[in-house]
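In: coords below, sequence missing:
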């Protein structure tokens, strides 16, 4: 005779795969169990939601575009700090051609370190926010757009004109919305890793085009 107290497994619910931009409608994915949010959020939960949404994830119109705009702001802040450091180094005597090339390389290294930090924080925050929001890749999570937008400018020199910021912004949003192969394939990766990975791959496409633009400017 079966034990009446045996716990029955929780039914799996269809998960809505949301988009961070209104141009892509929400779609149903394969049934996946997502835990319901706790009744009382912990401090870590609040921190994860704040980091994942970056203050703009709840914007009702195109939160992904707003997240990319935050990424532009993060990149500009980094660029201001890096430029100040490079100017200070030049004032200290780093004026030779080799020294200037080394400073630009150090700036690129700093940008990559910033990107690694954003990716690590993003995976943690997105993984924690997903069950709290009860959605697969919820549109309120935009830290992936922030990291992707920063990655778009990895190969862009600090002395590039302002119009290249706009070009990088448009290119990243284009590839993020279009999602050329194999971006849609890696969206199926687990939790926060999948949330971050598709935008980072879109950023690889955008960064490649930006690198070609930089090369064209140097040759012309």
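Out: Structure received. This is a predicted model, so every value here is computed, not measured. Numbering: from 1, shown residues only.
In: which residues touch residue 152?
Out: By Cβ atoms under 8 Å, 6 or more residues apart in numbering, residue 152 lies in contact with 168-169, 171-172, 203, 206-207, 210. Heads up, the C-betas are built off the backbone N, CA and C, glycines and all.
In: now swap in residue 104 and tell me
Out: 86, 157-158.
In: ok, of these, which one's closest to residue 67?
Out: residue 158 (23.6 Å; Cβ to Cβ).
In: distance of the spatially most central residue of the chain from residue 114?
Out: Closest residue to the average C-alpha location of the chain: residue 144 at 2.4 Å, with Cα atoms, centre = their mean. The gap separating residue 144 from residue 114 is 15 Å, by Cβ to Cβ, to the nearest Å.
In: identify each buried residue in the helix or strand residue 196 falls within, please.
Out: Secondary-structure element containing residue 196, defined by DSSP states H and E: helix 191-219. Residues of helix 191-219 classed as buried by neighbour count (16 or more other Cβ atoms under 10 Å): 191-192, 194-203, 205-207, 209-210, 213.
In: now that helix, how far from the chain's geometric center?
Out: 11 Å (Cα atoms, centre = their mean, to the nearest Å).
In: who does that helix touch, helix- and strand-wise?
Out: helix 97-133, helix 143-152, helix 163-178, helix 183-186 (3 or more Cβ pairs under 8 Å, 6 or more residues apart in numbering; DSSP states H and E).
In: burial count for the nearest residue to residue 45 once chain neighbours are set aside?
Out: Spatially, and ignoring its direct neighbours in sequence, residue 45 is nearest to residue 132 (6.0 Å; Cβ to Cβ, 6 or more residues apart in numbering). Look at residue 132: counted by other Cβ atoms under 10 Å, it has 20 neighbours.
In: from now on call the first residue 29
Out: All set: I'll call the first residue 29, so the last point we hit is now residue 160.
In: okay, residue 160: pLDDT?
Out: In this model, residue 160 is scored at 92, pLDDT.
In: likewise for residue 107?
Out: Per-residue pLDDT puts residue 107 at 94.
In: just confirm it is within a helix.
Out: Yes. Under DSSP: H, G, I helix; E, B strand; the rest coil, residue 107 sits within a helix.
In: residues contacting it?
Out: Counting by Cβ under 8 Å, 6+ apart, residue 107 has contacts residue 186.
In: with pLDDT and distance to residue 100 added, can I get the contacts of residue 180 in CSV?
Out: Below are the contacts of residue 180 laid out as CSV (pLDDT from 0 to 100; distance: Cβ to Cβ, whole Å):
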residue, pLDDT, distance to residue 100
196, 97, 8
197, 98, 6
199, 98, 12
200, 98, 9
231, 97, 13
234, 98, 13
235, 98, 14
238, 97, 13
